[in-house]
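Chemist: based on what follows, work out the 3D shape:
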Amino acid sequence: PKPWVLEPSKFFRNLTAEDTDSVSLALFGPASRNYFQHWVRATCRALGEQVLAVTVGNQPSLTNPFPAVEPAVVKFVCAPPSRLTLVPIYTNPQLDLSCPLLQQNKQVVPVSNYRNPVLDLAAYDQQGRKFDNFSSLSIFWESTKVSLASIEPTMPMELSVKEDRHGQKKLHGR
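Modeler: Numbers count the residues shown, from 1 in each chain. Below you'll find the predicted structure:
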């Protein structure tokens, strides 16, 4: 809900966590009067799982005795990564069909020797859950065969925001 036009001071946004000692929370937005987006920055202080809740609405008033209030909850998991995966981002979708290596061995990442490949990095926890964000990880890149592949130290990993099929935005490493 947006702030009630006749009494915008009654508008509120609440952010709660089950265990406030294990997570640091900050509520951002709405940016440029877009009251449909409210951003939460959650930072792990301890390992574990909990539910975070954001409630947005207006308090009752004489001009708005039955205001709209909307809750949103999300399960938040703080876990160490147990596995990383690299997947090439192909600019030519025909490569998926024409390269037999892509059909057989998922450990092999075929790339052109005439272009610098873009690789998508994903992190997973022990239960196989994919991290939405791993920007706090310190990642050191190296190649076991520098004659075949080398890592450019001047080209740092970039974190890009991707929207998943449910409309949630997630950070991907590239």
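Chemist: next one, pLDDT for N113 please.
Modeler: Per-residue confidence (pLDDT) for N113: 69.
Chemist: ugh, typo on my part, it should be T55
Modeler: pLDDT for T55: 94.
Chemist: packing partners for the helix or strand hosting it?
Modeler: Using DSSP states H and E, T55 sits in strand 48-58. Packing partners of strand 48-58 (3 or more Cβ pairs under 8 Å, 6 or more residues apart in numbering; DSSP states H and E): strand 11-17, strand 23-28, strand 39-44, strand 69-78. Using the backbone N, CA and C atoms, a C-beta is placed for each residue, glycine as well.
Chemist: the second one pairs with which strands, parallel or anti?
Modeler: Taking DSSP bridges as the criterion, strand 23-28 forms sheet pairs with strand 39-44 (antiparallel).
Chemist: what angle sits between the partner strand and strand 48-58?
Modeler: 160 degrees (axes from the mean of the first three to the mean of the last three Cα atoms, to 10 degrees).
Chemist: residues in contact with strand 39-44?
Modeler: Residues from elsewhere that reach strand 39-44 (Cβ atoms under 8 Å, 6 or more residues apart in numbering): 15, 17, 22-29, 52, 54, 76, 78, 136.
Chemist: rerun that using 6 Å as the cut-off
Modeler: With contacts defined as Cβ atoms under 6 Å, 6 or more residues apart in numbering, strand 39-44 is touched by 23-29, 76, 78.
Chemist: SS state for S143?
Modeler: Secondary structure, DSSP: H, G, I helix; E, B strand; the rest coil: S143 is coil.
Chemist: residue with max distance from the center of the chain?
Modeler: Largest separation from the mean C-alpha position in the chain: L62, at 41.0 Å (Cα atoms, centre = their mean).
Chemist: give me phi/psi at that one?
Modeler: Backbone torsions of L62, given as degrees, to the nearest 10, read phi -60, psi -40.
Chemist: before we move on, the earlier item: any buried residues in the strand holding T55, and which?
Modeler: Neighbour counts using 16 or more other Cβ atoms under 10 Å place 50, 52, 54, 56-58 of strand 48-58 among the buried residues.
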